[in-house]
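>>> need coordinates for the following:
(one chain, ligands or ions: 1)
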Amino acid sequence: MNVLIVEDERSLSHEMEIYLTKQGLHCDVAFTGAKALEMMWVNSYDFVLLDIGLPDTNGFEILKEAKKNAIDSAFIVLTARSETDDKILGLDLGADDYLAKPFSLPELHARMQAILRRKHGLKVQIIDINGFMMDYQNRTLTYEETPVVLTKKEFDLLHYLALHKGRVLSRSQLTEHIWGDVMDDDYDSNYIDVHVKNLRKKLAAHAPIEWFETVRGIGYRLNAQ
Ligand code: CA
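Predicted structure coming up:
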C-alpha cells in the first residue's frame, strides 16, 4: 500500500511516516504542493494525506488538480483550521475523509482502513482526452464507443501527456517515464518520436487530433479543447 504524505510541518510528517511504516505501509513525503503533484504524476498512491496549509499552494488546489486528472488515490484532508467550511469544501472536492489537527495516529490509520473497506472494488475513472475516453484501470481507450487499440507504450505515453495537459513535455521526460531511469546504451531518442508517430496515426484514424502538438526542438504537448 503506497501513501503520499503531503505536510510541511516536518515533525508531523515524520511522525506519520514512522507510524504508518510500522503498520506496513510504504510512505513518501512531500513538503510542498508542487512536489506533491510531481510525485502523484509519477507514482500511483493508494492514499494521499493532504495538509491544506502548504507553503506554495493550498491543499484544495492540489485536490482539484488531482481529481481533474483522474488521479484515483483516496484523499484524507488534514487541516488545523477549525471552520467546518474547510471540511465541506474538502468533501465537495472529492476528498474521502477529513481530519482536524491535532489528530491521533491510530485514528488516522483507522480512517484509512475504513476508506479501504468502502472503496474496495469500486469505481472506474475515465479521462476525457478531447473525445477519446481513457479508462486507466482497465487500460482501454475508446472514441465514440469504438475501441482504439494501443500498445502498452503508446497507452502510457498518451496517459502521461494527458496528465500533463497544456504543458510541454520534453523527449527526455517522456522517455524517462516510459522506459524508466535506466536506459540501455543503445537507447535512441528517436524511439519516442516513433511511438508518438504511431500513436498519432491510430488516434487520427478516428478523429482530428490538432490538439496533439509537436513543440519544435523540445517535445510534445496535449492541448485541451
Ligand atoms: Ca501546513
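
>>> find the nearest non-adjacent residue to Phe31, please.
Spatial nearest neighbour of Phe31, chain neighbours left out: Asp8 (4.8 Å); criterion: C-beta to C-beta, 6 or more residues apart in numbering. C-beta here means a position set from N, CA and C on the backbone, and glycine is covered the same way.

>>> that neighbour sits in which helix or strand?
Taking DSSP states H and E as the definition, Asp8 sits outside all helices and strands.

>>> and Glu213, by the same measure?
Assigned by DSSP H and E, Glu213 falls within strand 212-215.

>>> show me what the following helix or strand past that strand is packed up against.
Later in the chain than strand 212-215, the nearest helix or strand by DSSP H and E is strand 219-222. Strand 219-222 sits against helix 152-163, strand 169-170, helix 171-179, strand 212-215, with contacts defined as 3 or more C-beta pairs under 8 Å, 6 or more residues apart in numbering; DSSP states H and E.

>>> which of those has the lowest average pLDDT?
The weakest mean pLDDT among the helices and strands packed on strand 219-222 belongs to helix 171-179, with a mean of 79.

>>> Leu50 and Lys101, how far apart?
From Leu50 over to Lys101 the distance is 12 Å, taken as C-beta to C-beta, to the nearest Å.

>>> which residues do these two both contact?
With contacts taken as C-beta atoms under 8 Å, 6 or more residues apart in numbering, Leu50 and Lys101 have Leu78 as neighbours in common.
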